[in-house]
Every structure is written in C-alpha cells, then in structure tokens.
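Engineer: pasting the sequence and the predicted coordinates here, then a few questions.
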Amino acid sequence: MPVDYLKETPSQTGGPYVHIGCLPSFAGLNLRTQDKPHILAGGGVPGERIRIEGVVWDGSGHPLRDVMLELWQADSTGAYNAPGFRGWGRVGADAETGLWAFETVRPGATPWIDGRPQAPHCSLLLFARGINIHLHTRIYFDDRADANAADPALLSIELVHRRQTLIATRQAEGQGGPDVPTFRFDVHLQGARETVFFDC
Amino acid sequence: MSNDTGEFVRRDRAWHPPAFTPQYKTSVLRSPGKALVSLRQSVGERAGPVFGHGDLDPLDNDLIRNYITTGEEAMGERIIVHGRVVDEMGRPVRGSLVEVWQANAGGRYRHRHDRYMAPLDPNFGGCGRCVTDDDGRYFFRTIKPGPYPWMNHNSDWRPSHIHFSLFGNAFAQRLVTQMYFEGDPLIARCPIIGTIPDKAAVDMLVAKLDMGEMVPFDSLVYRFDLVLRGRRSTFFENRPEGN
C-alpha cells in the first residue's frame, strides 16, 4: 500500500451570494463600509499605477454579472508580501454590465523555478455560481512583449495561439486618466477564444 | 529540508467536482471546455496574502451579534461551529483567514438578488470571518441556516449550509467550499453536492454534532475540520548551479 495522506477538502461553488461573505458592502450589507479591496495600492505604494479591467464571458457570449475575482501579485520590485503592499485584491463584477476593475501598481519580474525571470504578471482567480472549483489564470501586459516572449509559463503553453489569451491590452485612454494606463483583460470561459486556465 | 517555500502536492482533480456538471445547470455555460494547462508552482503560487487579527473587527466571528439593528440578537437555532484546519500531512494551518456566509434561519440571504419569500431578519447579516490560531483552530457563533428552494429542475432545495472561504498560507491552498449538517435528508438530494464524485469526499463537508462541546442552556455545537493542500519536502535543491 502506498503512503496515505489526508485528502483535501473538496471544493464547492461560491454561489450567487458569494459577495455576502467576501464583499459585504457590495451585497448591500452595512458592514466594513470602508473596505475597497479592488484598490490594491494606496497613494504611498511605489511603482507605476495601472488599472486592469475586463468582463468574464460565458459560453453563450453573455457577461458573468455575479462573478467575484481575486488578484494576487508582486510589488513593483518583484517581491511578494512586501511591507506596505499585500498584493492581494478582490472585486465583484458590475451587476448590470459585468465589468470589473482593479487599481494597482505594475508588478515587477519574479523568478521561475530555475531562476529565469518571469514576465511581470498578476495571478487571477474566478469564483461564481456555476463554477464548481475556482478557475486560475494569469494576466500579462502587452507593452512588455519582449519579456512575455521569454516567459517560461507562457512558453509552457503548448498551443501557441492560446498564449495570447493571457495578455491584457493597453487601452488608448482608460478611466484611470492619461497618467494611469488601463489594461483590458477579458476572460472567455468557453469557445474559440477560451482563456487558458491553469492546474498548478 | 525547507517546509515554508516548497512546492505543494498536486491537486487531485478527480476528488473535486469537475467543471461540467449538467445536473447543476449553471455549470453548463461556465465550465471551460479545454483541458487545464499544467503550471509549475513558482514563488507566487507558493506564497500567499497574509491576514492577521488587525484585519478583523471584534464581532466578526459572532454572526448572532454582528448585525444587530433593533437591539435583539439574530433569530434562530443558536449554534457554534468550530474545527481545525490542517494540511494533507496533518500539520496545522496557522493564520489562515476563514470567511463564512450563509442564509438566515428561514433560508433567506441578505443580498439584493435573493427574492425568496422567507423574511429577512433585521438582526442578521450572515457574514463572518476569523483567523486560525497556532494549532489551526477556528470558531464562530451563528444561527443554523434554513434550507431554501432554487431555480434548478423546478425547485430543487439546498440543504442547510454555510459557505467557507480559506486562504491557507499560499495561493495554491486557496479553497472555497460549503459545510453541511449531519443528518440532513436534503444532502443526498442536492445537485450541487452531487457534483462531487466520491461519497467519501462529500462526507468531509458534513459537520458533526459535538455534544461534548455543547454550551448548556445556550448553544448546540458542530465540529467541522478542513484539509488544505500540503507542502512537499524539498529533499534536494534541484536548481542548476549558478542560479
């Protein structure tokens, strides 16, 4: 008999009311009203301020209006859990349009397991009704094309055309204003443009 | 051997519910159609956000009292839920944020999208959180949530349940799940629980009545332990020289 380990507790969907526990003021609860977890970086955090926005689309082309997303990233120097910057944020999609947005700083390069640099990226998790176990993807930036071309995680995606699904595109002028570049990152759950999701 | 930066044991995807589960209709259009891509865990997946008691409000783990608006405690069957969070090797998971949310005693959520006919309780929000201690233990006080009907197969019923969100100590340990109550006849009839292939896995989601910890003349107690992914040992550094 092989060695026995405990089994991981199985996942269940976050459901349609995930906001109550995770984003109470979004759900309409009069709790923690000062919480703005979609803003990762306050004014004092060093680095280039960016905005990342997008919509999650279902297999019929409709926006997910009840999805909750979590972002996890290094600071501008490539350090995780740096003092003064937790690097974690959470947002609920707009209940009408499905649009979501994070305000953060552009992450620095982080090391791959063999020490090669990984291109600047954020990790993104999706939780929603109908999603039985959270989906895990990454957001890269299209104005870092050279770094992306050498990124070990992107290169590990065998189907070359699918790598593009992880690259956010810089918008000409976004809601962040001229000084805050806005990147668009749409997630497609199914179909020809299906986003790459990871098992890690 | 280092245990705080190592890689995590692979996730047993056959143990978790698959993405595409047509008996739970909403999953049909929300399940990826392509295979997941294997990703080696690097620094970002092996670390995770750190939460502490400084992030918590004093009543965050007391759902009976953290949403009082008319001077009364929340209505319903008073319960305490407690347990231990360990990893697959049985080690305590310390300092993990645990978030919970649930319906009220009548099965109604305090959410702008819940239209169920059962009334809201003015003194119940249904939102709580806590952080595990050095032994991986957590507890909170609440009322037992009611079952409720939902739009699946012409009124399926959800068994009484509490939603759980755990961070562990690394991004790779993130888990969202639901806790059910021992003896509930709706468990076997729930299409969402039915997405889990193995009955032994379902059993891990069922809290046990804990009469030893019962608080006399006050609250029943349920015990719910959770297991997050475990970190492998690093026997040899396999990084090439010079890196």
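Structural biologist: Received, thanks.

Engineer: excluding covalently adjacent residues, which one is nearest to residue B:189?
Structural biologist: Spatial nearest neighbour of residue B:189, chain neighbours left out: residue B:157 (7.0 Å); criterion: Cβ to Cβ, 6 or more residues apart in numbering or on different chains. Where you see a C-beta, it was placed from the backbone N, CA and C, and this is true even at glycine.

Engineer: can you tell me which residue is spatially central in the chain?
Structural biologist: Assuming you mean chain A. Closest to where the C-alpha atoms of chain A average out (Cα atoms, centre = their mean) is residue A:124, at 2.7 Å.

Engineer: right idea, wrong chain: chain B
Structural biologist: Geometric centre of chain B, nearest residue: residue B:164, 2.2 Å, by Cα atoms, centre = their mean.

Engineer: residues in contact with it?
Structural biologist: Neighbour list for residue B:164: B:98, B:99, B:100, B:175, B:176, B:177, B:178, B:179, B:226 [criterion: Cβ atoms under 8 Å, 6 or more residues apart in numbering or on different chains].

Engineer: okay, now the sheet partners of the helix or strand the third one falls within, with direction.
Structural biologist: Element membership of residue B:100, judged by DSSP states H and E, is strand B:97-102. Each strand that strand B:97-102 pairs with, and the sense of that pairing, follows from DSSP bridges: strand B:127-131 (antiparallel), strand B:161-166 (antiparallel).

Engineer: so what touches stretch A:168-175?
Structural biologist: A:51-54, A:101, A:139-143, A:180-185.

Engineer: I misspoke; the intended subject was stretch A:25-37.
Structural biologist: Stretch A:25-37 is contacted from outside by A:17, A:19-20, A:23-24, A:89-92, B:57, B:66-67, B:110-112, B:125-127, using Cβ under 8 Å, 6+ apart.

Engineer: show the average pLDDT along the strand holding residue B:100.
Structural biologist: Here strand B:97-102 scores 98 as its mean pLDDT.

Engineer: now swap in stretch B:16-36 and tell me
Structural biologist: 98.

Engineer: and that stretch, which residues are buried?
Structural biologist: B:16-17, B:19-21, B:24, B:26-32, B:36 (16 or more other Cβ atoms under 10 Å in any protein chain shown).

Engineer: now that stretch - C-alpha only, CSV.
Structural biologist: C-alpha atoms of stretch B:16-36 as CSV (Å, rounded to 0.1, in the frame of the first residue of the first chain):
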residue,chain,number,x,y,z
HIS,B,16,-13.0,17.7,-6.6
PRO,B,17,-16.2,18.3,-8.6
PRO,B,18,-15.5,18.5,-12.4
ALA,B,19,-16.3,21.9,-14.1
PHE,B,20,-19.0,20.5,-16.3
THR,B,21,-21.9,19.0,-14.3
PRO,B,22,-25.2,19.3,-16.2
GLN,B,23,-27.3,18.4,-13.3
TYR,B,24,-26.2,21.7,-11.9
LYS,B,25,-27.4,23.7,-14.9
THR,B,26,-25.5,26.9,-14.4
SER,B,27,-22.2,25.0,-14.9
VAL,B,28,-23.1,24.2,-18.5
LEU,B,29,-22.1,27.6,-19.9
ARG,B,30,-19.5,28.4,-17.2
SER,B,31,-17.2,25.3,-17.5
PRO,B,32,-14.0,25.5,-19.5
GLY,B,33,-14.2,23.2,-22.5
LYS,B,34,-10.4,22.8,-22.9
ALA,B,35,-8.0,20.9,-20.6
LEU,B,36,-6.4,22.9,-17.8
